[in-house]
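Participant: My questions concern the predicted model and sequence given below.
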Amino acid sequence: MKILVVGGGGREHAICWKLNGEENVEKVYCAPGNAGISKVAECVDIKATDIEKLADFAEENRIDLTVIGPEVPLVMGISDVFKERGLRVFGPDKACSQLEGSKLFSKEFMVRHNIATAKYKEYTDIDKAIEEIDSFGYPVVIKADGLAAGKGVIIPTNREEAIETLNTIMKDRKFGEAGNLVVVEEFLEGVETSILALVDKNTIIAMESSKDHKKVYENETGPNTGGMGTFSPSTIYTDELAEKVYNDVLVKSLEGFKEDGLDYRGILFVGLMITEDGEKVLEYNCRFGDPEIQSILMRLDSSLSEIMMAITEDRLSEIDIKYSKDAATCVIMASGGYPDSYEKGKKISGLEDLDDDIVVFHSGTKKDGNDILTNGGRVLGVCAKAKDVESAAKRVYENIEKISFDGKHYRKDIGIKYE
């Protein structure tokens with residue numbers, strides 16, 4: 001089987017790493033890929049958003065399966081284009097991808113299908129939003145409706161910050177058209193976790209749990225990021241909670257797809273807040289979480305390509321999916337200044353000095369001759385597997401100091417100090 005993976009971040013590196021070497025996989029391509037991905041797949045110089053060129057490549061190279069990594073091409077409708085051209089693709093179509101592409105669409109879906117979530121109201125008029133902002137109490141959650149690279153959710157703690165946030169999103173258009181509409185929500189108290197679910201027309205199966213840390217600094221402080229580290233399994237995701245989430249969230253979501261005529265196939269990412277009143281859904285995403293999937297794929301013992309093929313053929317229920325009993329931890333190394341402004345092009349050294357049990361997934365890197373340079377906000381995901389989360393984290397932190405680049409930043413509490 002020849003597989004094309006679309007994207008060029010840590011998520012796509014983890015997918016290519018897992019696919020590479022599977023018995024039924026002859027060749028893995030990645031478009032556009034990055035410096036790390038080039039070691040486990042052949043990188044193709046086509047942007048993830050250049051849908052027609054990607055489809056042309058898949059046709060010309062007789063690709064058996066194309067795996068869509070990032071959310072932007074999914075929301076653009078890449079799966080629809082591939083299917084229209086008779087190409088097998090892993091990832092939901094444009095209609096289904098609105099669950100991630102529009103915060104309002106996803107909130108309305110949850111309410112319509114009785115899936116617990118925070119109370120909310122949408123606004124297109126900034127003056128109206130400012131007029132009513134105090135009614136939600138503080139802290140308050142303000143979300144840009146569209147895609148914002150994981151940074152469009154802001155949690156002001158007082159009126160002044162809330163008004164500044166609304167101005168930033170709706171007036172200054174920090175996130176572009178994503179700020180045409182904002183969703184304002186009540187702030188939920190609790191422990192945040194997430195689950196990735198495999199979905200075909202008739203079946204939904206939760207993958208192993210993971211815990212993502214969004215804040216840029218230790219102790220969950222600072223601005224939100226795309227994710228600063230994960231570990232799997234989540235320490236709060238008990239069998240009892242897993243059963244409740246399956247029945248109250250996953251099954252209801254699948255039933256909702258059917259009722260709404262959404263032909264969902266691929267990955268459903270569910271962000272959850274575990275509150276005193278039970279689990280509530282914070283958000284849906286339509287692709288593997290990054291960096292959640294890095295930790296989870298470290299533990300997946302079954303063939304990822306077989307799982308993906310089964311989903312495209314609506315036979316997910318036939319697949320026996322197995323995971324290692326070991327835990328995994330992933331710590332993100334970011335550029336100085338991330339998630340705000342940061343510089344690229346910093347030389348990375350020390351990758352060749354790591355212990356054999358350490359796996360490094362490249363999130364934002366590029367080659368420059370024999371050198372590897374930083375090329376994004378999140379640069380590397382340093383991962384290890386061990387008997388438990390803390391042991392895996394210890395292995396990561398014993399090695400992460402060996403890696404150097406100017407301005408490097410990483411949290412020092414992933415898997416070490418956690419709730």
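Facilitator: On my side now, so go ahead.

Participant: Assign a three-state SS to the residue of the chain positioned farthest from its centre, would you?
Facilitator: Largest separation from the mean C-alpha position in the chain: residue 131, at 33.9 Å (Cα atoms, centre = their mean). Following DSSP: H, G, I helix; E, B strand; the rest coil, residue 131 is assigned to helix.

Participant: Distance of the residue nearest the centre of the chain relative to residue 359?
Facilitator: Nearest to the geometric centre of the chain sits residue 289, at 2.1 Å (Cα atoms, centre = their mean). Applying Cβ to Cβ, to the nearest Å, the value for residue 289 to residue 359 is 17 Å. C-beta: built from backbone N, CA, C; applies to glycine.

Participant: thinking again about what came up before, what distance do you get for the residue nearest to the centre of the chain to residue 10?
Facilitator: Taking Cβ to Cβ, one finds residue 289 at 11 Å from residue 10.

Participant: now residue 45
Facilitator: Residue 45 is 20 Å from residue 10, by Cβ to Cβ.

Participant: the more surrounded of those two?
Facilitator: Using other Cβ atoms under 10 Å as the criterion, residue 45 and residue 10 rank with residue 10 on top: 32 against 9.

Participant: State the distance from residue 172 to residue 144.
Facilitator: Distance from residue 172 to residue 144, by Cβ to Cβ: 12 Å.

Participant: In contact with the residue lying closest to residue 289 once chain neighbours are set aside, which residues?
Facilitator: Leaving out its chain neighbours, the residue that sits closest to residue 289 by Cβ to Cβ, 6 or more residues apart in numbering is residue 269, at 4.9 Å. By Cβ atoms under 8 Å, 6 or more residues apart in numbering, the residues touching residue 269 are 100, 194-197, 283-289, 292.

Participant: SS state for the closest residue to residue 340 other than its chain neighbours?
Facilitator: With sequence-adjacent residues excluded and distances taken as Cβ to Cβ, 6+ apart, residue 340 is closest to residue 223, at 7.4 Å. The three-state label for residue 223, taken from three-state DSSP, comes out as strand.

Participant: Which residues are in contact with residue 223?
Facilitator: 151, 154, 215-216, 339-340.

Participant: circling back: which single one of the contacts of residue 269 is nearest to residue 319?
Facilitator: residue 197 (13.7 Å; Cβ to Cβ).

Participant: helices and strands around the helix or strand containing the closest one, which ones?
Facilitator: Assigned by DSSP states H and E, residue 197 belongs to strand 191-199. Where contact means 3 or more Cβ pairs under 8 Å, 6 or more residues apart in numbering; DSSP states H and E, strand 191-199 is packed against strand 204-206, strand 211-212, helix 251-260, strand 266-275, helix 292-299, helix 304-312.

Participant: Please repeat the previous calculation with a cut-off of 6 Å.
Facilitator: strand 204-206, strand 266-275 (3 or more Cβ pairs under 6 Å, 6 or more residues apart in numbering; DSSP states H and E).

Participant: Parallel or antiparallel, which strands does the longest one pair with?
Facilitator: Spelled out, that is strand 266-275. strand 191-199 (antiparallel), strand 278-285 (antiparallel) (DSSP bridges).

Participant: possible to save those strands as a markdown table with mean pLDDT and distance to residue 17?
Facilitator: Formatted as a markdown table, the strands paired with strand 266-275 follow (pLDDT from 0 to 100; distance: least, Cβ to Cβ, whole Å):
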| stretch | mean pLDDT | distance to residue 17 |
| --- | --- | --- |
| strand 191-199 | 93 | 17 |
| strand 278-285 | 95 | 21 |
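
Participant: Where does the prediction get shaky in the stretch 1-150 of the chain?
Facilitator: Where the stretch 1-150 of the chain drops to pLDDT under 70, the residues are 150.

Participant: one more time with 50
Facilitator: The model of the stretch 1-150 of the chain has no residue with pLDDT under 50.

Participant: Buried ones in the lengthiest helix in the chain, by neighbour count?
Facilitator: Criterion DSSP state H: the longest helix present in the chain is helix 389-400. Within helix 389-400, the residues scored as buried using 16 or more other Cβ atoms under 10 Å are 389-390, 392-397, 399-400.
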